[in-house]
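Q: here's a sequence, model it:
(2 chains)
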Amino acid sequence: MKFLRNFMDKIQPDKAKSPFSYTLWDGIDTFLYAPGHVTHQGTHLKDSMDLKRTMIHVVLAMQFAFLLGAYNIGLQHYQALGVDANIAAEFVYGLLQLLPLIIVVHVVGLGIEFLFAAKKGHAIEEGFLVSAFLIPLIMPPGVPLYMVAIATAFSVLIAKEAFGGTGMNIFNVALVARVFIFFAYPSSISGDTCWVAYDYNILHQALNFGDWLHISAGTAMIDGFSGATPLGLAVSGGWEAIQAATLPSGEQQYSISNMMWGFMPGSIGEMSKIGIIIGAIMLIKLKIADWRIMFSMVIGVAFMGVIFNIAAPAFPDNGFIAIPFYMHYIMGSFLFAMAFMATDPVTAASTNRGKFIYGFMIGVIGLIIRVANPAYPEGWMLAIIFMNIFASLIDYNIIQSNIKRRLSNV
Amino acid sequence: MVLLTISSIASWGVLFILLALITWFFANKAIKQFLFGNEFTNLDKPKDGSLKVVDGKNVTALSKGFNINLQGKANKVLNHNFKANTYAIKPKDFQGLKPIPKMMVKVGDKVKAGDKLFYDKGVEGVFFTAPVSGTVSEIKRGAKRSIAEVIITADETIEYKAFKKASVASLSKEEVLEQMVESGAFSAITQRPFGLPATPNQSPRAIFISAFDTAPLAADYDYIIDNLSIQDFQTGLDALNKLTATVHLNITAESNAKFKNANGVQVNYFEGKDPAGRVGVQIHHIDPIKKGEVVWTIRPTDVVTIGKLFNEGIYDPKELVAIAGVPFEKTFYIKANKGASISSLVTGIDTEENRLISGNVLTGTQVEPNGHIGSFQNQLCAIKEGREYELFGWLVPQYLRPSISPSFPWSTNEKLAFEANTNSHGEDRAFVVTGQYEQVLPMDIYPVHLLKAIKANDFEQIEGLGIYELIEEDLALCEFVCTSKQNVQAQLREGLDYIYSQS
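A: Numbers count the residues shown, from 1 in each chain, chains lettered A, B, ... in the order given. You can find the predicted model right below:
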């Protein structure tokens, strides 16, 4: 592999003369090679963990949810059209639906990131690696690409670069992209029809050899299929409505196993609870995401859920309130928000004790939004953004208590 | 239908088992951490882990920390053939000295061991003296004409300047202090806060001695004390006892019995990984430094030097230096006076490809092949320079290297020793990962927040977050583990300088 190293050294542009091409070269070079930089001051040895490795492990942990999510896009698509497709076709359809989304996010986001890095004269930072994988996974499968492009540009510019880049942002970058679409294009991300992909893109058409992707079946939803998510159903009919939902085939649509495996309409990566749990365990085991936040979120939901369950008889009009609290874990995107969103170390509380409070409050507020807000039943996005604001306040108080304790000993 | 039911039940089972596991696994830890704090609640009591009783002694067990296990530990063999031609005292080893201290000798002067070399107004009343007798052969300049080394070419047999030979018990505090200052033995004492050389006009609340070193490849004080005079050590402790109310000697349950049997001092037992052996961490657990207080710290070998000063009336700062690291063909200890030249030790080493460090790999300073051991260091180690580019090295490492991250499968294997190199394993980034420094710092301190306060020059916050309890070496391991490759020690020094200049 010596020639590759020599080649990279040969084409290295001059940093002063052409900062843009240097930044691009540097990005590629540090991706290919861990640089041979040696320590200059301070410790002569350094731990071999760096930000690239940290970030890539988060991306790796997302792959289970990603793969199951891709399969689910196809599954829902063919179920909605009433086509009897095989597993391979379902998976390939989903993958091809997902691929343009990922490419668009990477091109737009990394492009902006690269421009800023070149302008500021520092290396391209890895933070966006994770955001670029998170953004597609939290989108509805049929979301128009231009919306994702605008949302990504907005979140990278406003939520990240405006604050100073990776490590400085106050709000979770991926969530800001979703919030942007939520407020700018509400019909594309809420309601009963947006959670299934119906259309075919250019990739599907290009790879549809012998119509194995069933493009000829058209894009019309068959009668008897409902794209309503459990959350949409529960608003009006409560747990009974979720249980009663059936597929055209007569199968129960939201059986527990379907909900656990994520074979249901919904955001791309958020449905497969099994995939997410595997990812979460991986993150905890590798000490990359903080278990404190995840654990206290689970407790927060249980706490608030039990209160709602107890109060249920007083609010007969609210369909959500009587849903057993443990069901909230597998409905909607709680687990995804817990594993990948709330644990973002930059926007979460940074003290260990603060993390418990932070996670707990997300659990409580998220469930309040889900249960008490009829307009939009999924609360985790807003709850996390809301607690992002309070994260530094939580830290402040914890730190002040440390300072007080020390000063009281003077 | 049957299949569906089975899969439903199975899914339920998975969900509940997972929930139960999560709860069982974390609840205990979570409740403990939230209620009592992962950070500790009460500064007055020993925290982090608990007091254990080992052989009837109270041992403060520290659970946090990390041992960097390197190959090339020094064999416990004394190399009697070692002989240094030159010795040097480096003003830069002493924090807070001006770049150009006031010289009291010039090139060509003959000096005896204990003759004054230089002093500095910044640390009033402290003299830095010659460790051996000989001729001042060079005053080496560094950047901006600062004095880097005062080099003495040693005599064949050392001549000592004569000091008073007396029993410490019969001397007053002032007499003890005067003899220590005049001989230069006093310059081995460091004051906290700030880590500056102690000055004789201070009245320290206590003196702390850490008699075990947990740093990577560290010299073993149990072995060192066997090769020095225990009588001198005891006399040194007696002398220090004259200067303060309490002298703390901090050791482990496995320490040499000679330390355990020291008289007139409070012996404290510790247990734990690095940085448990750092005196700053120990002070934090014994009796934290508060604003306005001063404590002194000193290394065990310097205590022996003080003892010898009173027992024999000579200043003879003997050190046992561990020669460690993979590049050395043989590893061993040498016995030499402070500031010995390393040139005869490193002849077999390719100094282009290897880095020579006086001190340990976390806090030591790089030395040239013709350099000298530092005044506070008893270790010379060599490690490979890591200038090689590694294809996808950030994802698939091609050789084993130390790390606290479980993403490296071998990181939990404590027995595995590494042949580490100086590669920075990543580039500088902003703070992203949280909770990492806390993992290796067994103190009730928020290091990241302290560093941020330092960057913001927020005086009250810096003070409140406990900067008086820290000097660089205490946070060295935090710098090692930092994913963002922050230069923690340098930043802390900035903060210390800032607070010092304001107070």
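
Q: name the nearest residue to B:Lys485, sequence neighbours excluded.
A: Spatial nearest neighbour of B:Lys485, excluding adjacent residues (C-beta to C-beta, 6 or more residues apart in numbering or on different chains): B:Asp428 at 4.9 Å. In this view, the C-beta of every residue, glycine as well, is placed from N, C-alpha and C.

Q: can you pull the contacts of that neighbour?
A: By C-beta atoms under 8 Å, 6 or more residues apart in numbering or on different chains, the contact list for B:Asp428 reads B:Ser484, B:Lys485, B:Gln486.

Q: burial measure for the second one, as a count.
A: The one in question is B:Lys485. 22 (other C-beta atoms under 10 Å in any protein chain shown).

Q: quick one, what contacts residue 268?
A: Since no chain was named, I'll use chain A. Counting by C-beta under 8 Å, 6+ apart, A:Ile268 touches A:Gly69, A:Ala70, A:Asn72, A:Ile73, A:Leu98, A:Leu101, A:Pro136, A:Leu137, A:Ile138, A:Met139, A:Pro140, A:Pro141.

Q: that's the wrong chain, I wanted chain B
A: Residues counted as contacts of B:Asn268 (C-beta under 8 Å, 6+ apart) are B:Thr60, B:His248, B:Leu249, B:Asn250, B:Ile251, B:Gln282, B:Ile286.

Q: what about the fifth one, distance to A:Leu233?
A: Distance of B:Ile251 to A:Leu233, given as C-beta to C-beta, to the nearest Å: 68 Å.

Q: how about A:Gly165?
A: Note on A:Gly165: its distance to A:Leu233, by C-beta to C-beta, is 42 Å.

Q: looking at the two, which is more packed in?
A: Comparing A:Gly165 with A:Leu233 by other C-beta under 10 Å, the one with more neighbours is A:Leu233, at 24 against 20.

Q: looks to me like that one is in a helix.
A: Yes. Counting by DSSP: H, G, I helix; E, B strand; the rest coil, A:Leu233 falls inside a helix.

Q: quick check: nearest residue in space to it, chain neighbours excluded?
A: Excluding its sequence neighbours, the residue lying closest to A:Leu233 (C-beta to C-beta, 6+ apart) is A:Ala241, at 4.3 Å.

Q: ok, B:Asn360 next?
A: Nearest residue to B:Asn360, sequence neighbours excluded (C-beta to C-beta, 6+ apart): B:Ala215, at 3.9 Å.

Q: equivalent analysis for B:Val176, please.
A: Sequence neighbours aside, B:Lys242 is the residue nearest to B:Val176 in space, at 4.7 Å (criterion: C-beta to C-beta, 6+ apart).

Q: list the contacts of the one you found.
A: For B:Lys242, the contacting residues are B:Val168, B:Leu171, B:Ser172, B:Lys173, B:Val176, B:Leu177, by C-beta under 8 Å, 6+ apart.

Q: one more pass at 7 Å, please.
A: B:Val168, B:Lys173, B:Val176 (C-beta atoms under 7 Å, 6 or more residues apart in numbering or on different chains).

Q: wait, which of the residues you listed is closest to chain A?
A: B:Lys173 (27.2 Å; C-beta to the nearest C-beta).

Q: could you pull up phi and psi at the closest one?
A: When read as degrees, to the nearest 10, the backbone of B:Lys173 gives phi -60, psi -40.

Q: hang on, isn't it packed against B:Leu243?
A: Yes. Using C-beta atoms under 7 Å, B:Lys173 is in contact with B:Leu243, at 6.4 Å.

Q: the two - which one has more neighbours?
A: Counted by other C-beta under 10 Å, B:Lys173 and B:Leu243 do not tie: B:Leu243 has more neighbours, with 20 against 13.

Q: and the pLDDT for that one?
A: Note on B:Leu243: pLDDT of 93.

Q: kindly report the same for B:Asp428.
A: 88.

Q: repeat for the one 5 residues further on
A: At B:Val433, the predicted lDDT confidence score is 89.

Q: for the chain, give me the ranges with low pLDDT.
A: I went with chain A, as the question did not name one. A:1, A:409-410 (pLDDT under 70).

Q: can you look at chain B instead?
A: Across chain B, the ranges flagged by pLDDT under 70 are B:1-16, B:18-19, B:21-51, B:55.

Q: for chain A, what's its nearest residue on it.
A: Closest point on chain B to chain A, by C-beta to the nearest C-beta, is B:Gly426, at 2.5 Å.

Q: what's the helix or strand for that residue?
A: Per DSSP states H and E, B:Gly426 falls between elements, in no helix or strand.

Q: which one's the longest helix in chain A?
A: helix A:87-120 (DSSP state H).

Q: where's it relative to the chain centroid, distance-wise?
A: How far helix A:87-120 lies from its chain's middle: 14 Å, per C-alpha atoms, centre = their mean, to the nearest Å.

Q: before we move on, what about stretch B:386-405?
A: Relative to its chain's centre, stretch B:386-405 lies at 27 Å (C-alpha atoms, centre = their mean).

Q: got the buried residues for it?
A: For stretch B:386-405, the neighbour count (16 or more other C-beta atoms under 10 Å in any protein chain shown) marks B:386, B:388-390, B:393-394, B:397, B:400-405 as buried.

Q: I'd say B:Asp238 and B:Val168 touch.
A: Yes. Using C-beta under 7 Å, B:Asp238 is in contact with B:Val168, at 4.5 Å.

Q: among the contacts of B:Asp428, which one sits closest to B:Lys52?
A: Using C-beta to C-beta, B:Gln486 comes nearest to B:Lys52 of the contacts of B:Asp428, at 34.0 Å.

Q: and the helices in the stretch 301-410 of chain A?
A: Remark: helices assigned in the stretch 301-410 of chain A by DSSP state H, counting those that start in this stretch are A:334-336, A:352-372, A:380-408.

Q: packing partners for the longest one?
A: Helix A:380-408 makes packing contacts with helix A:173-184, helix A:352-372, helix B:459-464 when contacts are defined by 3 or more C-beta pairs under 7 Å, 6 or more residues apart in numbering or on different chains; DSSP states H and E.

Q: so for it, what gets flagged as buried?
A: A:380-385, A:387-388, A:390-391, A:394-395, A:398-399, A:402-403, A:405-406.
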